[in-house]
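**Q** Fold the following, please.
(2 chains)
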Amino acid sequence: MGQYSISAKSVLCLAAGALALSVAAPAKAEVNFEGKTIEWIIPFKEGGGSDKWSRFYAPLLREALPGKPAVVVKNMPGAGSTKGANWFAERAKPDGLTILGTSGSTQFPFLLGDRRVKFDYADWNIVLASATGGVAYLPADLGAKWKKDKKSILGVNFIYGSQGATRLDLVPLLAWEMLGLKVDPVFGIKGRGAGRLMFERGEANIDYQTSSAYLSKVVPLVEEGKAVPIMSWGALDDDGNIVRDPTFPDLPTFKEVYTEMMGKEPSGEAWDAWKAFFIAGFPAQKMVFLPKGASQELIDTYSKAFKAVTQRPDFPKISKKRLGIYPQATGAKAATFKTLGTKVNPKAIAWIKGWLKSRYGVSLK
Amino acid sequence: MDLLGTALPALAEAFGLIFSLKQMGWLVVGVLLGLSVGVFPGLGGIAGLSLVLPFIYGMDPVSGLAMMVGLVAVIPTSDTFASVLMGIPGSSASQATVLDGFPLAKKGEAARALAAAFTSSLFGGLFGAVVLTFFILIARPIVLAFGLPELLMLTVLGFSMVGVLAGRSLLKGLVAAGLGLAVGAIGEAPAQGSPRMDFGSWYLQDGLQLVIVGLGIFAIPEIISLLRQDRAIAKDAKLGAGWLDGVRAWWENIWLSVRCAVIGVIVGVVPGLGGSVVDWIAYGHTMQTTKDKSGFGQGEIRGVIGPESSNNAKEGGGLVPTLLFGIPGSGSMAVFIGGMILLGYDAGPQMVRNELPVTYTIVWSLALANVLGAGLCLFLSGGIARLTTVRFPLLVPFLFMLIAFAAFQSKQSLWDLGALVAIGLLGIFMRRFEWPRPAFLIGFVLADQAEVYTYQATQIALSRFGRGFMDGFTYMFSPIVIVLLIITVASVWIAAKQSAAIRPDDVEDHVWHKAPGMIFTALVALFLGVMLVDSLMVDVLIDKVFPIVISGFGLVGALLLLGQMARRPASDGVFFDGELYGSDARAPHGLWTMLAWFCSLLVLTSLFGFVIALALFFVAFLRLRANVGWMRLIVMTVAGLAAIILIASLLNRDFPPGLLQSYVDMPWPLRGR
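**A** Model prediction:
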């Protein structure tokens, strides 16, 4: 069996740990979900990043909620994730039996004023925020050039498999443009996995993956000498500064690379806009919400349950591979992430809209 | 790499893991679940896997994998029941099976058709597993050799099947395919997300889904037609050939089965092609290699054996991109990867390298599940085939219930049912005027990839040409592309040469009415014209080129067809009208009254929600149309409702809510959601 397999023994340990926690901190609220089914709405398709993330948490959440209700993930994809979020805003009852998981791909249309958005993040109550990061990489030959002299690849015509300029991809696209790289995105790929496949086939010669996909799918390529990581997007410290990604401490951030190549720290409108959308897209990527009007008791119950999950003794071990080493914030800290992810300076938004229009001809009505 | 030296020890270890009582037990559980879910059209692997995922966490890995594989493997087996017996394409994997499977059932040979289908599935599944066992070790470079030009060429090969399947009029086939492409292009553009032909409706933004189009194009026209004729599915309610004949028929066509299994494995192995074309390629191949083509569409057993051999082999082939690259070939494979993660395995390059015994466990669980599933279905086929002798009106409420429920799984909106009726109408008229429905479906299925691959391959090629002419040239014309090009040209050439044989002139000296066929063609032209105008108004260039091209060519084709119709005499076959000739012409009931029954279910649902509407519909239909006594009526209604509610609650599915539900709060099955 592999090193990551979950043996019966560790499952027992998990159960024991959960039991110990629930004994140690008996819920004083009367909320009890015994015999109930909790539907966790994921506005994305089966098998995507958000789906995997929710399916990682669902069984753990079940153990931690009072009454151990069944927690089922319900995929409600469509209209760039706005369909499921709209449904949640309109129809979900605040009885604690329906929760929503959103992603950067839900935040972006909200921030950019997409015509399909009929929900408002301000209405919802956050109970968990999961951060993540991203890593950009090059093929071996270009990677070797990059290592010698970063400016030596400025003349290369890069091809990048992209899901669309208004998606999370706008973070890497803008970053590369700020560095002066000539990147032509090939749009219309389905998921970042397909982008990586294009890279492996040699059709794309620059790519990025979010942390968990990078760890499991790209690290083997790096070990084989077929790919070279060049930068991470970074992570956010407690004061809101961009620092090295704790999952990839040896990799310079985009900010460091920029400083080295340009001889000065990034600043100005483009940088402010990039930073705002990076934060909304990565450190504040995935969030879990209770609907508008949920009682404080319910919010506390869920916050406590997610906190119990993230404080399990074995959580670092089981989550490292699946989520990377990132903050899994609950309570007040989660609320901070919500603000960072959903309230962005209007100037930054206006700049991004102008850039999307002039660079890619995309306008969001 | 020493192939045998690597494979055999791992294989031995894998067999040790699978062939234990516990693992086999879980495999059987998975197979039984898969068979039960697969029988319901529209549910498929995603629904089945979602049912077991909550229990997977913490299971011993080999047991969990065995259960999940067992479940996924048999769904393309058991969905054959709906395809053959009811003419309902159970899933995307069995659409071509309907073409000849259902006519066989109508001839009273349901058991023969089912048995041939299951034997072919069994063979295809086993074949896929054997090939995979060795192929998976060397597959990586081969799979990586399939870049965008190769994928584009495979898509073109898929389109070349339109020529084979066009039937009497090639022009009708081309326009039908163009119409399919246009319908497939509705919704958000794949590149930059511009809205196309959605008229501001959120429902159309994501485009129509295959479930709805498949049901509308095939199931609705057939069911309405049978209902009009008021007879059992099997002619004279008699059963002819039995299941042993089916097994024999497969044996007589074993080489066809081998070839189609090879097609299935290849299409499955290439990621990004999607499984929904494989049965059409297999069906087209079957037609091309059959001397007497007159039987196709009328109940030719080879038309069942071909696609069924390929679709189970495809599941095996589909494991290659899933396991080797972590890229799911289908929705159910995506959930399967999720389940693997719960068990502690992450699909990807390291999986085959480091976990070869576990990989083989998956491959051979697939083979075993195929044997078990197909064996069980074969065993049941004789009995279940008797359904075709039941008076059809008695089955109709159940069929309508299944179809509506299946369609609702598409987007869980009442509009799913509206879209189903709209596509159903299109299907009814295409059937009536002899427009080739498979051509439409091929266009629909391939629309997205045709657009994306064309655009992406062009862009990369331009960049390569920028680097140097040879660089671009070798990219576009790799050896694989050239081989595929030759196959495509040969296939079109053979189709053209044999076209006379595919167009039987069985209808002679019949004088048709010119107007109805021309009006339908004009409406198709109108739709394509609207599409053309709409595409011209799209802002982003890369989002408008494809719809302009297809609607433009489609429109030209439709206008040519209209011109042809205007010139030709009314006795020409192009005016074929099912209302004037054949079984529909002699039907005692009219089209519109029967369609109205289906629409009444829709209207009732929009008012009272699905469950209440079903109860009302069952009572009204069974009493007024099927003349059933009250006692039987109550038993049938309760049984139907209980079954659908049970399935929905087990699989955590919703029902469409109606107007009533937005005013009154109700408990679950009535509430819908």
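
**Q** Tell me which other helices or strands whatever helix or strand residue A:212 lives in touches.
**A** Using DSSP states H and E, residue A:212 sits within helix A:211-213. Packing contacts for helix A:211-213, counted by 3 or more C-beta pairs under 8 Å, 6 or more residues apart in numbering or on different chains; DSSP states H and E, involve helix A:49-64, helix A:191-200, helix A:315-323. To be clear about C-beta, it is placed using only N, CA and C from the backbone, and glycine gets the same treatment.

**Q** Give me the angle between the first one and helix A:315-323.
**A** Helix A:49-64 and helix A:315-323 are oriented at 160 degrees to each other (axes from the mean of the first three to the mean of the last three C-alpha atoms, to 10 degrees).

**Q** Which residues of the stretch 201-350 of chain A lie near chain B?
**A** Taking C-beta under 8 Å from any C-beta of the partner chain as the contact definition, the stretch 201-350 of chain A meets chain B at A:201-203, A:216-217, A:220-221, A:321-322.

**Q** Could I get those residues in CSV, plus columns for neighbour count and pLDDT?
**A** Listed next are those as CSV, based on neighbours: other C-beta atoms under 10 Å in any protein chain shown; pLDDT from 0 to 100:
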residue, neighbour count, pLDDT
A:201, 16, 91
A:202, 14, 92
A:203, 22, 93
A:216, 21, 81
A:217, 23, 85
A:220, 17, 88
A:221, 21, 92
A:321, 16, 73
A:322, 18, 74
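
**Q** name the helices or strands packed onto the longest helix seen in chain B?
**A** Determined from DSSP state H, the single longest helix within chain B is helix B:110-144. Counting contacts by 3+ C-beta pairs under 8 Å, 6+ apart, helix B:110-144 is packed against helix B:3-18, helix B:61-81, helix B:95-106, helix B:243-252, helix B:254-269, helix B:302-325, helix B:349-354, helix B:356-384.

**Q** Those into TSV, with extra columns for mean neighbour count and distance to residue B:172?
**A** Shown next, in TSV, are the helices and strands packed on helix B:110-144 (neighbours: other C-beta atoms under 10 Å in any protein chain shown; distance: least, C-beta to C-beta, whole Å):
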stretch	mean neighbour count	distance to residue B:172
helix B:3-18	15	50
helix B:61-81	29	29
helix B:95-106	28	17
helix B:243-252	19	31
helix B:254-269	23	26
helix B:302-325	30	20
helix B:349-354	18	47
helix B:356-384	22	35
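
**Q** returning to what we had before: buried set for the longest helix of chain B?
**A** Within helix B:110-144, the residues that count as buried by 16 or more other C-beta atoms under 10 Å in any protein chain shown are B:110-133, B:135-137, B:139-140, B:143.

**Q** Over to stretch A:168-182?
**A** For stretch A:168-182, a neighbour-count test (16+ other C-beta under 10 Å) marks A:168-176, A:178-179, A:181 as buried.

**Q** quick revisit: and the helix holding residue A:212, how far out from the chain middle?
**A** Relative to its chain's centre, helix A:211-213 lies at 10 Å (C-alpha atoms, centre = their mean, to the nearest Å).

**Q** which residues make contact with that helix from outside it?
**A** Here helix A:211-213 makes contact (C-beta atoms under 8 Å, 6 or more residues apart in numbering or on different chains) with A:49, A:52, A:132-135, A:192-193, A:196, A:245, A:247-248, A:321-324, A:326.

**Q** Kindly report the same for stretch B:123-132.
**A** B:73, B:77, B:250, B:254, B:257-258, B:260-262, B:264-265, B:268, B:308-317, B:319-320, B:363-364, B:366-367, B:369-371, B:374.

**Q** change it to 7 Å
**A** B:73, B:257, B:261, B:264-265, B:308-313, B:315-317, B:319-320, B:363-364, B:366-367, B:370-371 (C-beta atoms under 7 Å, 6 or more residues apart in numbering or on different chains).

**Q** Just give me the neighbour total for the residue in chain B that chain A sits nearest to.
**A** Of all residues in chain B, residue B:334 sits closest to chain A, at 2.4 Å by C-beta to the nearest C-beta. Residues within reach of residue B:334, counting by other C-beta atoms under 10 Å in any protein chain shown, total 25.
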